[in-house]
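Undergrad: Compute the structure for the input listed below.
(chains A, B and C)
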Amino acid sequence: MTALLEVQEVTKRFGGLTAVRNVTFSLQCGELTGILGPNGAGKTTLFNVLTGFMPPTSGTVLFNGEPIHRLAPYRVVNRGIARTFQLARPFAGMNLLENVVVPCLSPRAAADENKEERSRHLLAQVGLGGRELEPVETLPYGDLRRLEIARALATRPQLLLLDEAFAGLGSGEIEPVAQLIRRLHQEENLTILLIEHKLREFMALVSRVIAMNFGDVIAIGKPQEIIKDPKVVEAYIGAAEDEHASA
Amino acid sequence: MLQILIYGAVSSAIYAMLAVGFTLIFGVARILNLAHGSFYALGAYSAFTMTSLLGLPLLVAAPLSVLVVALFGVAMERFLVRPLRQSQLAVLMITLAVSLAVEQALFLIFGSEYRNVPSFIAEKIAIGGVDISGQRLLALTVGVAVLLMLWLIIQRTRLGAAILAVSQDPEAAQYMGIPTNRIFSIVMAISAGTAALAGILVSPFLTVQPSMGLLPMVKAFAIVIVGGLGSIPGSIIAALILGYSETAVAYLASTAWTELVSLVAVVATLMIRPSGIFGRRAAF
Amino acid sequence: MQRIPWIDLLGGLLVLGILALVPMFATSNYLTGVLTVCAIYGIWASSWDFMSGLTGRENFGHALFIGSGAYTAGFMATAWYLNPWYSLPAAVVVAVLFSLIVGFPTLRLRGPYFALAMLSASAIMQRLCLIYWEYTGGEEGLYGLDPIIRSPLYYYWFVLAILAVTVLNVTLLAHAHWGLLLRAIRGDEATCQAAGINVTFYKIASLMISAAFTGLGGALYAHYQLQVSPPLFSVVVSITVIIMAYVGGVGSIYGAAIAAILLTLLTEMLRGFGEYRLWVYTLTLMLILFFLPGGLVAPTWRRLTARLR
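TA: Below you'll find the predicted structure:
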């Protein structure tokens, strides 16, 4: 069975700085995989390369067997990869419904007849039902993250990339979002790749972990194995202490 | 052939002076100054006023005009542009408005007839069998000298280092104690001053009328796009390319086609390598 | 997607009605002529507002489309002696072509390239008209065009109808999903890309639509003045249109049209000021940028009719 996503030796250099080096992994359909790594490990840069926001300095990315690493971002989306951003960027001056209608207008979602209907459904799915006409500026941060997910879903993706879905969420808000992700994975048959910092929630969610540090992939495996991997432990001694401080 | 070489050099030097000022203020302050052509025109008209109407000798009028226009540029930046800095579009609009206001003011004050500014050097000089007016040679020399001075200032002085810092990251520069706003004013003064100087130097052999700033502006745009927005070496090289191409075309084909040279250069750049020769990364 | 508020439609019909009836009470054709120009500026300003007002990619060379439309009409009349009605579709085609030539390389780039290119293009065209004077008539331009409709009143009503069609068309687009996308592009292009939208396509298409109506207006103007000359490409014309959109309220479209009519009337009334008019315009623009960035017409109308929405 061909992998859904194949990342082959992807490297991204910015002048003298190598943000991502020879990253290689693949995702099968239906997986819920996570990328783990401290700040500066190159996770978001990797996402940017996977979604066409940056071309790789070298290496290839195959999606459903086809190379996508030289495509413009909107084309990557229309092939079936959607992403959320670490810093939520809603469309200012519009309400929630309009924010979700925009991605419904992409060619991939063009078959849906009634965009407004579909948008309402998506908003309900992420837990923002009934609030369609609220201006997006008044949204609290946690809800903005949900909106991001709704917008990503609007493009009918096969693969969903979530960049720090739990970032900035209070302890009460994390579990509902984790539930949402689990539900989307099972009900919508989505393949999900997520970047996350918060170890506890992360480990409970994913079935496979790709650990990165300083641009390299240092380990790939099941959560229980990764936790015990010496290289990962070494990279995370600092992160573990942060977890203790903030938990 | 030698004619092309020399006249091309003159054109390139003038274009370079114009383009460098334009790209400098963009590279440092992110201001796309559509009023740059006005500085050029104001320089010429100021020299005209001082020599013809006030009877000052050219040697006094010229530096004085440069100063006046530089101050005008600083005032424009301080009072009209700085309050609108958050929106690049508002800055474009306000500088465009200024350029129109200046053109109209010049028209109202001086009328639309072509004016005369005396030459520094009235005689023709022969170089290798080619007659060239002393004024054009002067323009070339001064242009090269000014560009060299600018390069020296930026590379060798503390002011230059400060300018480089601000162009890379104004906020960070401010945290390091660099007075960003003052740097903006200084760069604006340099930008306006060089444009004015270009205007003064060419006015004896080009026409002086209220809308004289428009076409040089379009040329400056073309040069800056080809060379890369914000890059001084890019502007200089692009100025050379354009200056020589135009001169060659004028001699080998006809003068009517020179306008199309910059057009073709811009279209080619935008289609092939939009960021220009040196792109936006290398600010200097 | 959004419904046009009924009060706006009513207001529009009222304005249209008044504009149509006014010249019938005038004693000379002078007023009809002025109102014809007002309406044409309305076409130009509202189509500018549709593209630049909604996307935020300001077009500083709208005169390019005006001039190319007008000169197309001029050439068809003086060089090929064609029936003046043919210049209308021809002008549309030529203007759209120009929009593609300038828009295609520049709208896909970030940065000020589009603004610079439009400004330069119209300036270059103006210059080319002067350089190739044997074909274009140089400074004096082309003259001797025939009017499309001989009666000034009927021609005025024709132009008014086209203004109505233009404003209605672009307003409907602006309220539909198209307009939503344009506003999203204005907000954040990268996020639009992430939403799977081909941002460049929509920008270029909007420019083409804007150019189409503007070129049409250019031809209408040519057949009103019965001559065309290089100043039609000038920066002054471009900035006049921009001022009208700003006074009207950028992005409102109907605001631009109304402001265009009012400002053109004002210009006529200020004829006594002669050369100072442009100064007044430029100062107006500066004042609006500093103190009334939301414009005058649209905010005032919205406030007056707030109860009825």
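Undergrad: for the stretch 201-309 of chain C, what spans make up the strands?
TA: All strands of the stretch 201-309 of chain C, identified by DSSP state E, counting those that start in this stretch, fall at C:227-228.
Undergrad: Most proximal residue of it with respect to chain A?
TA: Relative to chain A, the nearest point of the stretch 201-309 of chain C is C:F201 (9.2 Å; C-beta to the nearest C-beta). Bear in mind the C-beta positions are built from the backbone N, C-alpha and C, glycine included.
Undergrad: so who does that residue touch?
TA: By C-beta atoms under 8 Å, 6 or more residues apart in numbering or on different chains, no residues touch C:F201.
Undergrad: What pLDDT is listed against it?
TA: Note on C:F201: pLDDT of 94.
Undergrad: same deal with B:F284?
TA: For B:F284, pLDDT reads 33.
Undergrad: now do C:S99
TA: Looking at C:S99, its pLDDT stands at 95.
Undergrad: Okay, the residue of the stretch 201-309 of chain C closest to chain A and C:F104: tell me how far apart.
TA: For C:F201, the distance to C:F104 equals 10 Å [C-beta to C-beta, to the nearest Å].
Undergrad: where does the stretch 1-150 of chain B have low pLDDT?
TA: Along the stretch 1-150 of chain B, segments meeting pLDDT under 70 span B:120-131.
Undergrad: so where do the strands sit in it?
TA: Assignment of strands within the stretch 1-150 of chain B using DSSP E, counting those that start in this stretch yields the ranges B:124-127, B:130-133.
Undergrad: May I have the phi/psi pair for the residue of chain A found nearest chain B?
TA: Among all residues of chain A, A:G15 sits closest to chain B, at 8.5 Å; criterion: C-beta to the nearest C-beta. Backbone torsions for A:G15, taken as degrees, to the nearest 10, come to phi 60, psi -120.
Undergrad: again with A:L32
TA: Backbone torsions of A:L32, given as degrees, to the nearest 10, read phi -120, psi 100.
Undergrad: In contact with it, which residues are there?
TA: A:181-182, A:185, A:191-192, A:194, A:205-208.
Undergrad: what does B:M217 give?
TA: Contacts of B:M217 by C-beta under 8 Å, 6+ apart are B:34, B:36-37, B:40, B:99, C:123.
Undergrad: so where's chain C shaky on pLDDT?
TA: For chain C, the stretches with pLDDT under 70 are C:1, C:273-275.
Undergrad: ok, C:T191 - how many residues close by?
TA: 23 (other C-beta atoms under 10 Å in any protein chain shown).
Undergrad: you'd agree it is up against A:L87?
TA: No - in this structure, C:T191 is not within contact of A:L87 by C-beta atoms under 8 Å, at 10.7 Å.
Undergrad: Would you mind measuring from C:I101 to A:R145?
TA: Using C-beta to C-beta, C:I101 is found at 44 Å from A:R145.
Undergrad: nearest residue to residue 216 other than its sequence neighbours?
TA: Because you didn't say which chain, this covers chain A. Leaving aside its sequence neighbours, A:D216 sits nearest to A:R21 (C-beta to C-beta, 6 or more residues apart in numbering or on different chains; 5.3 Å).
Undergrad: hm, I was asking about chain C
TA: Nearest non-adjacent residue to C:L216, counting by C-beta to C-beta, 6+ apart: C:V92, 5.3 Å away.
Undergrad: ok, that neighbour - contacts?
TA: Counted by C-beta under 8 Å, 6+ apart, C:V92 has contacts C:69, C:212, C:215-216, C:219.
Undergrad: repeat for A:T45
TA: Neighbours of A:T45 in contact, by C-beta under 8 Å, 6+ apart: A:12, A:19-20, A:54.
Undergrad: Who wins on neighbours among those residues?
TA: Within the contacts of A:T45, neighbour counts (other C-beta under 10 Å) peak at A:V20, which reaches 28 neighbours.
Undergrad: That residue - that's part of a strand, no?
TA: Yes - under DSSP: H, G, I helix; E, B strand; the rest coil, A:V20 falls within a strand.
Undergrad: Wait, it touches A:V7, no?
TA: No - using C-beta under 8 Å, A:V20 is not in contact with A:V7; the gap is 9.8 Å.
Undergrad: picking that back up, distance to C:I258 and pLDDT added to the contacts of A:T45, as a markdown table?
TA: A markdown table is the format used below for the contacts of A:T45 (distance: C-beta to C-beta, whole Å; pLDDT from 0 to 100):
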| residue | distance to C:I258 | pLDDT |
| --- | --- | --- |
| A:K12 | 52 | 91 |
| A:A19 | 53 | 89 |
| A:V20 | 54 | 91 |
| A:M54 | 46 | 89 |
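Undergrad: Next, format these as CSV and append distance to C:S238.
TA: Formatted as CSV, those follow (distance: C-beta to C-beta, whole Å):
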residue, distance to C:S238
A:K12, 42
A:A19, 44
A:V20, 46
A:M54, 36
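Undergrad: Just say helix, strand or coil for A:E9.
TA: Secondary structure for A:E9, judged by three-state DSSP, is strand.
Undergrad: That one touches A:L62, doesn't it?
TA: No - taking contacts as C-beta under 8 Å, A:E9 lies outside contact range of A:L62: 11.7 Å.
Undergrad: Neighbour count for those two, which is higher?
TA: Taking other C-beta under 10 Å, A:E9 and A:L62 do not tie; A:L62 has more neighbours (17 against 12).
Undergrad: wait, isn't the more buried one in contact with A:E6?
TA: Yes - using C-beta under 8 Å, A:L62 makes contact with A:E6 at a distance of 4.2 Å.
Undergrad: list the buried ones in whatever helix or strand C:C192 lives in?
TA: Using DSSP states H and E, C:C192 maps to helix C:189-194. Using 16 or more other C-beta atoms under 10 Å in any protein chain shown as the test for burial, helix C:189-194 gives C:189, C:191-194.
Undergrad: anything in it sitting right up against chain A?
TA: Yes - using C-beta under 8 Å from any C-beta of the partner chain, helix C:189-194 reaches chain A at C:190-194.
Undergrad: the more surrounded of C:I101 and A:R145?
TA: Neighbours around C:I101 and A:R145, counted as other C-beta under 10 Å, are more numerous at A:R145. The numbers are 25 against 14.
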